[in-house]
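what would the 3D arrangement of this be:
(one chain, ligands or ions: 1)
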Amino acid sequence: MNAVELTHVSKSYGEIRALRDVSLSVPEGTFLAVMGPSGSGKSTLMHCAAGLDTPTGGTVVVDGADIGRLDENSRTELRRDRIGFVFQAYNLVPSLSLLDNITLPLRLAGRAPDAAWLDKLVARVGLSDRLEHRPAELSGGQQQRAAIARALVTRPAVVFADEPTGALDLRSAHEVLGLLRDLVDEFRQTVVMVTHDPAAAARAHQAVVMADGRIVDVLPRPTAADLAARLVTLGAR
Ligand SMILES: Nc1ncnc2c1ncn2[C@@H]1O[C@H](COP(=O)(O)OP(=O)(O)OP(=O)(O)O)[C@@H](O)[C@H]1O
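Numbering: from 1, shown residues only. Next comes the predicted model:
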């Protein structure tokens, strides 16, 4: 089954056509990277796929639910319970401990943590001995790993990661990407990641390249060199 399925999705902002007839399937348990020059529509694609923005045309199905047919409450619930988000700037709550940050989505949903899953997740992201710390006491890499645990705590159908390594040094970025890939391989977590970095996208199972609101390339098992070369030709147009 597909965790996410976009069919003929378009999105216009007035005269600007940010997405033009985009169709895309993300099978469960796979890792997809979305690349493309600035302004090509990556964020718009992700926002439409995550129910944060409403397409002008086409359909978006997440975890079997046609988002366009849901009322606002059901869409909010779907986002809260079935979708995880990881941002470039981590977006942890500074006043909360790491543990409270990680379990926040469950509290918002009025759900009790599954203790076994929480332990496993926290151990897997390497933060078991940091749970009482505040975000400011942690490195950027540790904060992003906490944000990844927070995104996974509800066992969502899909995690959307927007430039998750954009603020990290090379070594932390490598760790975070390795972690995302492992979560896909070990837990069959579906991940969709927007990135400008060909080396990051090369960790995905598949990469799509966007230009002018369209998907212009689909690369299975992408290499950093192939992606970098493709982006150079797009940038040169
Ligand atoms: N809220 C908005 N109102 C008007 N135009 C918008 C809005 N959001 C995006 N756009 C336009 O839609 C197009 C696609 O933007 P989008 O942010 O999706 O690109 P992107 O590939 O994510 O770029 P970047 O890599 O710079 O983040 C651009 O022309 C942008 O200016």
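
which helix or strand contains the residue most central in space within the chain?
The centroid of the chain falls nearest to Phe160 when counting by Cα atoms, centre = their mean (1.6 Å). Assigning secondary structure by DSSP states H and E places Phe160 in strand 158-162.

may I have that strand as PDB, with CA atoms only?
Taking C-alpha atoms only, strand 158-162 is exported to PDB below (Å, rounded to 0.1, in the frame of the first residue of the first chain):
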ATOM      1  CA  VAL A 158       4.600   9.000   7.200                       C
ATOM      2  CA  VAL A 159       7.200  11.400   8.500                       C
ATOM      3  CA  PHE A 160       7.800  14.600   6.500                       C
ATOM      4  CA  ALA A 161      11.300  16.000   7.000                       C
ATOM      5  CA  ASP A 162      12.000  19.500   5.700                       C
END
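
packing partners of it?
Under the contact criterion of 3 or more Cβ pairs under 8 Å, 6 or more residues apart in numbering; DSSP states H and E, strand 158-162 touches helix 42-49, strand 83-87, helix 140-152, helix 170-187, strand 191-194. C-beta here means a position set from N, CA and C on the backbone, and glycine is covered the same way.

redo that, cut-off 10 Å
strand 2-13, strand 31-35, helix 42-49, strand 83-87, helix 140-152, helix 170-187, strand 191-194 (3 or more Cβ pairs under 10 Å, 6 or more residues apart in numbering; DSSP states H and E).

neighbouring strands for the last one, and are they parallel or not?
Looking at strand 191-194 with DSSP bridges, its paired strands and their directions are strand 31-35 (parallel), strand 158-162 (parallel).

of these, which is nearest Ala211?
strand 31-35 (9.9 Å; Cβ to Cβ).

that'll do, ta.
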